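>>> here is a sequence together with a model predicted from it:
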Amino acid sequence: MVAAAVDFPPPFAEITPSPEAMERDRSSLLAGFRALGDRHLLTLRLSPPWGGQGLSQGAFFDYQLALARHSGTLAFLQTQHQTAAAFIAQGEQEALKTAYLPAMGEGKIGVGVGYSHLRRSEPALQALPLSEGYRLTGGIPWLTGWGIFEAVVIGATLPDGRLLFGLIPFETGGGLTLSEPLAMVAMASTQTVSGRFDDYLLGGDRLLAIHPPQWMAQKDRENVLKGTAFPLGIAGGALDLMGGCPGVEVLEGQWRDCWGAIRGGDVGDPHRLRGEVIALAGRCTLGAIAFARGAAIDPNHPAQRLYRELMIFTISGQTPLILGGILGAITEDNSTLTHIP
């Protein structure tokens, strides 16, 4: 069996409800999220004055891997909250830091993010500067955590192409209309909705940052391997289910090789390595499905849950180069990276 990659967090098995309950039920997921807050595990990268533990990038990677190994759904939810905390901490609004960060660390306030649409060539949400702030018009297709998070960090495009980030209440009103939760075959409990902005006023006191037009593309290049913690965690969870199944040691060896390459900096092509990790997780979850036999048909079976959760981590934060890396790993075709539009 693959050894745990980190011994920092407390045993996640102590967190209730079960991973299967958290994947399908919002109230169960909220209970799991608050359990992380009770353990002060929700703002780990922040400095101690703001309620964090100043965790290193490597230790944080292993933490997220270990959590995904227990519950991919809870790991997916909390990483958005941890990202939002970083936005607030790095901003210049001291009042927002004081009001949000300590409470976020304890899980008393939940904050999500909504800016994946900034990867699109055409602006989905536009921000027009005004004397009192910014007027937002357009839409955000994905906002995760409705009914769980109280606020959300949103991204919009200014007329000159720069990217604006601000903090808004996660609720309908003031020109923001939220949809009903979207139908999803995986992680439906995360309550993902879409949002429509019609002359929504973002006050200047809610502004977090303004970045150059290429900021998103630069962050994507820097963060290619950070996202591998989650499929590695899913793969580890699947290997745990298979236990001493004959032949599983081959997958365990591949898991250790991937983790070692990422944590040791022996990366080569990061997009291809991310693809290899996702392909490995696909083999592991498929193996767990086969090992469970007919029981895996039950949507509440752990193998079925892991299989579904991997779908989300396969597409999350995906760019054309990451897609090329995934397809290249699946097809074993090294030329795939250069042929994805």
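That came through, no problem. Residues are numbered from 1 along each chain as shown.
>>> which one is G227 nearest to, not counting chain neighbours?
Leaving aside its sequence neighbours, G227 sits nearest to G317 (CB to CB, 6 or more residues apart in numbering; 5.2 Å). C-beta here means a position set from N, CA and C on the backbone, and glycine is covered the same way.
>>> confidence score at that neighbour?
G317 carries a pLDDT score of 90 in this model.
>>> same thing with the one 10 residues further on?
L327 is assigned a pLDDT of 94 by the prediction.
>>> same thing with E122?
Here, the pLDDT recorded for E122 equals 91.
>>> now it. Its backbone dihedrals?
Note on E122: its backbone torsions stand at phi -100, psi 130 [degrees, to the nearest 10].
>>> for D160, see how far away it is.
If you measure E122 against D160 using CB to CB, to the nearest Å, the figure is 16 Å.
>>> mind listing the helices for this protein?
Assigned by DSSP state H, the chain shows helices spanning 19-24, 26-38, 57-70, 72-90, 94-105, 215-222, 229-242, 248-264, 270-292, 302-315, 320-331.
>>> and the fourth one, which residues are buried?
Read that as helix 72-90. Using 16 or more other CB atoms under 10 Å as the burial criterion, the residues of helix 72-90 that qualify are 72-82, 84-85, 87-89.
>>> and the second one, by the same measure?
Of all the residues in helix 26-38, those buried under the rule 16+ other CB under 10 Å are R26, S28, L29, L30, A31, G32, F33, R34, A35, L36, G37.
>>> with the third one instead?
By neighbour count, and taking 16+ other CB under 10 Å as the criterion, the buried residues in helix 57-70 are A59, F60, F61, D62, Y63, Q64, L65, A66, L67, A68, R69, H70.
>>> what's the first-to-last distance across stretch 294-312?
The stretch stretch 294-312 measures 24 Å between its terminal residues, going by CA to CA, to the nearest Å.
>>> no no, stretch 45-64
One end of stretch 45-64 to the other measures 12 Å (CA to CA).
>>> who's in contact with it?
Taking CB atoms under 8 Å, 6 or more residues apart in numbering as the criterion, the residues outside stretch 45-64 that touch it are 5-6, 8-9, 40-41, 43-44, 75, 79, 82, 85-86, 89, 97, 101-102, 104-106, 226, 229-230, 233, 262-263.
>>> count of neighbours near the residue nearest to G227?
For G317, the tally of surrounding residues (other CB atoms under 10 Å) stands at 16.
>>> tell me the domain ranges of the protein?
Domain assignment for the chain, taken from automatic domain parsing, gives 12-105, 111-213, 223-339.
>>> tell me the average confidence for the first one?
Across domain 12-105, the average pLDDT comes to 95.
>>> ends of that domain, what's the gap?
Counting by CA to CA, the length from the leading to the trailing residue of domain 12-105 is 17 Å.
>>> got phi/psi on the residue sitting furthest away from the middle of the chain?
Farthest-out residue of the chain from its mean C-alpha position, per CA atoms, centre = their mean: S131, at 34.6 Å. S131 has phi and psi values of phi -60, psi -30 when expressed as degrees, to the nearest 10.
>>> roughly how far does it sit from F197?
On the measure of CB to CB, S131 and F197 end up 19 Å apart.
>>> any idea how far the residue nearest to P213 when sequence neighbours are not counted is from I210?
Once flanking residues are discounted, P213 sits nearest to G161: 4.0 Å by CB to CB, 6+ apart. The gap separating G161 from I210 is 11 Å, by CB to CB.
>>> again with V153
Note on V153: its distance to I210, by CB to CB, is 13 Å.
>>> what residues are shared contacts of the two?
F165.
>>> of these two, who's got more company?
Just comparing V153 and I210: by other CB under 10 Å the higher neighbour count belongs to V153, 24 against 14.
>>> verify the contact between that one and G114 for me.
Yes - in this structure, V153 is within contact of G114 by CB atoms under 8 Å, at 7.1 Å.
>>> in contact with V224, which residues?
Taking CB under 8 Å, 6+ apart as the contact definition, V224 lies against P270, H271, R274, L321, I322.
>>> surely G317 and T228 touch.
No - at 10.6 Å, G317 and T228 do not qualify as touching, with contact defined as CB under 8 Å.
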